[in-house]
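Chemist: how would this look folded up:
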Amino acid sequence: MKSIKNLIKKIILSYKKHHHYIIDKGKNNSVEIVALDGTVKKIKKLKGSKIFLYGNNNHIKLYEPLGKLKLSINISHNVNITMQGSTERRYLHIETQKPADYKTINNVYIGKNFATTSLLTIELCNGNGDVTIGDDCLMSWGIIMRVGDWHTILDAETKKVLNPNKDIVLGNKVWCGSDVYIAKGVTIPDNCVVGARSVVTKQFSEPNCVIVGTPAKVVKTGIIWTKDSPYYSEMCEKQSVLK
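Modeler: Below you'll find the model as predicted:
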């Protein structure tokens, strides 16, 4: 019985070890936590996260509060990731290929009070391309953001690259439903809602909109949204009317 307990203990310790690590295979890399008082601390592990830095000049800066933060990061050279504080659940996977040109730079910025229902995947692919997400944004499950393509499309005659990388920008308080795909070059303004399973492929300019479809388009304007359920909001509205 004692040997079985020891075996279970080893398995648990092994699991914890392999799900709380930062592996640095390059040079001039850093993973830092910025405390509420501004103190900066470089860390070698992060609870519930797997961070693999296999290139150089990668810098990850996480601001407190960390909340329920789980990261799966696999990046090469010159990637800067900044996440402002949130008490919400945040589960992200961020990935790049190992580029032939080490001069490419990627920046990922995520604002305050960010929340995900489940995994958000950010694919930086190969080459330049930034992702900016504003404050108070909410992501459902199965969402993918991709600043480029994993393979190249060329003009048959000129050999010109037809599918270069482009930035992605989400404003403040953007809510994306489940299984949304956000392509390179997309801009989504403040206070917008993106419907489930939408494929967003272009820049939008008007805030306070509902964006839905494949490809996505504006279907309603002049909206606001809250994290409360419609049932709760209706009850509050009825109580307000009764008063």
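
Chemist: Please work out how many residues are found near the closest residue in space to Gly67 that isn't next to it in sequence.
Modeler: Counting by Cβ to Cβ, 6 or more residues apart in numbering, Thr87 is the residue found nearest to Gly67 once chain neighbours are left out, at 4.4 Å. (Glycine included, C-beta is placed from N, CA and C.) Applying other Cβ atoms under 10 Å, we find 12 residues neighbouring Thr87.

Chemist: give me the number of residues near the closest residue to Lys202 other than its chain neighbours?
Modeler: Nearest residue to Lys202 in three dimensions, chain neighbours excluded: Val186, at 6.6 Å (Cβ to Cβ, 6+ apart). Close neighbours of Val186, defined as other Cβ under 10 Å, add up to 23.

Chemist: And the one 5 residues further on, by the same measure?
Modeler: Counted by other Cβ under 10 Å, the residues lying close to Asn191 total 17.

Chemist: Surely it and Asn208 touch.
Modeler: Yes: counting by Cβ atoms under 8 Å, Asn208 is a contact partner of Asn191 at 4.6 Å.

Chemist: Between the two, which contacts overlap?
Modeler: Counting by Cβ atoms under 8 Å, 6 or more residues apart in numbering, the contacts common to Asn191 and Asn208 are Ile223, Ile224.

Chemist: what pairs with Tyr91 across the strands?
Modeler: Under the criterion DSSP bridges, Tyr91 forms beta bridges with Lys70, Leu119.

Chemist: How much space separates it from Lys68?
Modeler: 8 Å (Cβ to Cβ, to the nearest Å).

Chemist: where in the protein is pLDDT low?
Modeler: Counting by pLDDT under 70, the ranges of the chain that qualify are 1-19, 98-101, 231-243.

Chemist: can you give me the helices for it?
Modeler: 2-18, 230-242 (DSSP state H).

Chemist: ok, back up a step: pretty sure the residue nearest to Gly67 contacts Tyr63?
Modeler: No: applying Cβ under 8 Å, one finds Thr87 not in contact with Tyr63, separated by 11.9 Å.

Chemist: between those two, what contacts are shared?
Modeler: By Cβ under 8 Å, 6+ apart, no residue touches both Thr87 and Tyr63.

Chemist: So what's the residue count around Lys112?
Modeler: Neighbours of Lys112 (other Cβ under 10 Å): 14.

Chemist: Can you tell me how far it is from Ser140?
Modeler: Distance from Lys112 to Ser140, by Cβ to Cβ: 19 Å.
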